[in-house]
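Asker: next one to model:
(chains A and B)
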Amino acid sequence: MTEHPDDLAELLTAASVRHLQCPVIVENLRPLSGGASADTWRFDALLGKERKELILRLAPPGGRDPIRIDRKTEAQLQQLAIKAEVPVAPVLFVLDEEDGLGMGYAMERIEGETIARKILSNEEYAKARTQLAQQCGEILARIHSIETGTLPSSLQALPAEKLLKTMRSLYTAFEQDHPVFEFAFRWLLDHIPENKTLRLVHGDFRNGNFIVGPEGIRAVLDWELAHLGNPMEDLGWICVNSWRFGNIDLPVGGFGTREQLFAGYEAAGGKKVDPKVVHFWEVFGTLKWGFACIMQAFTHLMGAKRSVELAAIGRRVSETEIDLLNLLQ
Amino acid sequence: MAGNRPTSFDLIEAVCEFLENKIIPKVDSYTAFHARVAINTLGIVKREMELGNDLSTEEHKRLSRLLKQDGHPDELNSLLCRKIRDGSIDYSDTDLINHLKKTTLGKLSIDNPEYSAYKKELAREGESSRSLPRENSRGTE
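Answerer: Residues are numbered from 1 along each chain as shown, chains lettered A, B, ... in the order given. Below you'll find the predicted structure:
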């Protein structure tokens, strides 16, 4: 775990002055969660009389993770997404080597709710909930419409075959016997959908990664898992039962129906949705989350980070197993 | 030792009460969240102590029947995985699906009997759910 420097506030002030090219005072710098090793901080930047409410994204603790894009690429994607009219926090500046803070960027702080269970239960989001699935479809269509030639060249191309192969070899390395996972792997290998064009895929588009207000989604967060892939991967992922937070009968994020999602997608210019392909990706996503539970448990078991939370997540594998069986019978 | 108290159940309950009443009110919200996770984790241990043996025995019997051979349950489970992987058991085999479903529901009765799909399955099967402790805050949002 890397702790960020004690002089974070000073370095951030100097970086803000350099990039915004005016005098800046940094105030109220606080980690969003997880203490001094946090990768996401909130702060206010005073530019003369103007107070800007901002978020600082730094490199995550524990070094580079090959499946995640770096912060510079993440900032670039957010800027491209805004141009495509995707609700995203505008990026103010991107850090560079001279700033001495590693890779990172500052973006506007958007108020609203991110906790999925509150979005699903609080009265103030009742109206939003009726429209969220449709809105998710519209947003995904815009993300998938981004011209691939304009995307950062560092994005990995991850078609279904490659994703399955990578997950299979990682899973095998853990030497855990889960017959339901074998069942799902077999089924997925036999049902890979044909796909000719790879598009920008968000990679973690789900309830919990949205900032929501009473009127709907204000911003899409966490672009770290973005890649080039089958766009239907995003539509399947948001239907995974784990992201319904108990509202099992509303498959899209626990707030809406697949029909609403697909209608929004097609209305905003997305290509006609084949529900069978989305089903494939929902199976894939459920297996992926199940496998992620194993990986998190082993982060604890192998001692990389000892934590009761990580250990307990290992027992969530059975949740994904029942979901896989329900999807595949 | 037989029947003498405190049983291991009593001890787990004592630890849960300590965390709930003495620790959670005094710590920051981040640590309190992890203390809740700890309480729920001890809930898994309690349910496994209560249900684990019977469920393992049933699973072992089903594995032997399905694979038509005897052996250590871990070895049989491993063999089942290999057979699904190499296609020598087809994934549409109803005996296979029945075994996987029963085993998974058994695991959930220990891991998280509050899980939506588990409760829905029990309701569908018309079984009455056992009154087990509630599960909350065991994962990330």
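Asker: low-scoring stretches of the stretch 1-150 of chain A, by residue?
Answerer: For the stretch 1-150 of chain A, residues meeting the criterion pLDDT under 70 lie at A:1-6, A:34-37, A:62-64.
Asker: please enumerate the strands of it.
Answerer: A:25-31, A:40-47, A:50-58, A:91-94, A:104-108 (DSSP state E, counting those that start in this stretch).
Asker: output these in CSV; the columns should cover distance to chain B and mean neighbour count.
Answerer: C-betas here are computed from N, CA, C, even on glycine. Formatted as CSV, the strands of the stretch 1-150 of chain A follow (distance: least, Cβ to the nearest Cβ, whole Å; neighbours: other Cβ atoms under 10 Å in any protein chain shown):
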stretch, distance to chain B, mean neighbour count
strand A:25-31, 10, 14
strand A:40-47, 14, 17
strand A:50-58, 18, 18
strand A:91-94, 25, 19
strand A:104-108, 21, 21
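Asker: of all those, which one is nearest B:D10?
Answerer: Nearest to B:D10 among these is strand A:25-31 (39.9 Å), distances taken as Cβ to Cβ.
Asker: quick check: A:M103 touching A:A59?
Answerer: Yes - here A:M103 reaches A:A59: they are 5.1 Å apart, a contact under Cβ atoms under 8 Å.
Asker: what touches both of these two?
Answerer: Taking Cβ atoms under 8 Å, 6 or more residues apart in numbering or on different chains as the contact rule, the neighbours common to A:M103 and A:A59 are A:D70, A:R71.
Asker: okay, now residue 80: neighbour count?
Answerer: Here I'm looking at chain A. Here the count is done by other Cβ atoms under 10 Å in any protein chain shown, and A:L80 has 18 residues near it.
Asker: chain B was what I was after
Answerer: As a burial measure, B:L80 scores 23 neighbours (other Cβ under 10 Å).
Asker: tell me the contacts of A:I238?
Answerer: Listed by Cβ under 8 Å, 6+ apart, the contact set of A:I238 reads A:C136, A:F205, A:R206, A:N207, A:V252, A:G253, A:L261.
Asker: contacts only, for B:L108.
Answerer: When contacts are counted by Cβ under 8 Å, 6+ apart, B:L108 touches A:S318, A:E319, A:I322, B:Y115, B:Y118.
Asker: which is the next helix or strand following the host helix or strand of it?
Answerer: The secondary structure element spanning B:L108 is helix B:94-111 (assigned by DSSP states H and E). Under the assignment DSSP H and E, the closest C-terminal helix or strand after helix B:94-111 is helix B:116-125.
Asker: let me see the mean pLDDT of that next one.
Answerer: Along helix B:116-125, the predicted local confidence has a mean pLDDT of 93.
Asker: and the residue nearest the centre of chain B?
Answerer: Among the residues of chain B, the smallest C-alpha distance to the mean C-alpha position (Cα atoms, centre = their mean) belongs to B:I110, namely 2.5 Å.
Asker: what's the answer for chain A, then?
Answerer: Geometric middle of chain A (Cα atoms, centre = their mean) lands on A:D204, at 3.2 Å.
Asker: need the contact list for the nearest residue to it once chain neighbours are set aside.
Answerer: Using Cβ to Cβ, 6 or more residues apart in numbering or on different chains and skipping residues adjacent in sequence, the residue nearest A:D204 is A:L225, 4.6 Å away. When the contact criterion is Cβ under 8 Å, 6+ apart, the partners of A:L225 are A:I67, A:R68, A:I69, A:H202, A:G203, A:D204.
Asker: quick one: the last one and A:W289, what's the gap?
Answerer: When Cβ to Cβ, to the nearest Å is the yardstick, A:D204 and A:W289 sit 11 Å from each other.
Asker: I'd like the strands of the stretch 1-150 of chain A as JSON lines, with distance to B:G106 appended.
Answerer: What follows is these, written out as JSON lines (distance: least, Cβ to Cβ, whole Å):
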{"stretch": "strand A:25-31", "distance to B:G106": "41"}
{"stretch": "strand A:40-47", "distance to B:G106": "40"}
{"stretch": "strand A:50-58", "distance to B:G106": "43"}
{"stretch": "strand A:91-94", "distance to B:G106": "49"}
{"stretch": "strand A:104-108", "distance to B:G106": "46"}
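Asker: show me where chain B has its helices.
Answerer: For chain B, the helices defined by DSSP state H occupy B:8-18, B:29-67, B:73-85, B:94-111, B:116-125.
Asker: any idea which of those helices is most buried?
Answerer: The densest packing among the helices of chain B, expressed as mean neighbour count by mean count of other Cβ atoms under 10 Å in any protein chain shown, is seen in helix B:94-111 with a mean of 19.
Asker: for A:I217, give me its contacts.
Answerer: Listed by Cβ under 8 Å, 6+ apart, the contact partners of A:I217 are A:P87, A:L132, A:Q135, A:C136, A:I139, A:F210, A:I211.
Asker: now the two most distant members of the contacts of A:L225.
Answerer: The most widely separated members of the contacts of A:L225, counting by Cβ to Cβ, are A:I67 and A:H202 (13.9 Å).
Asker: thanks again, I'm all set now.
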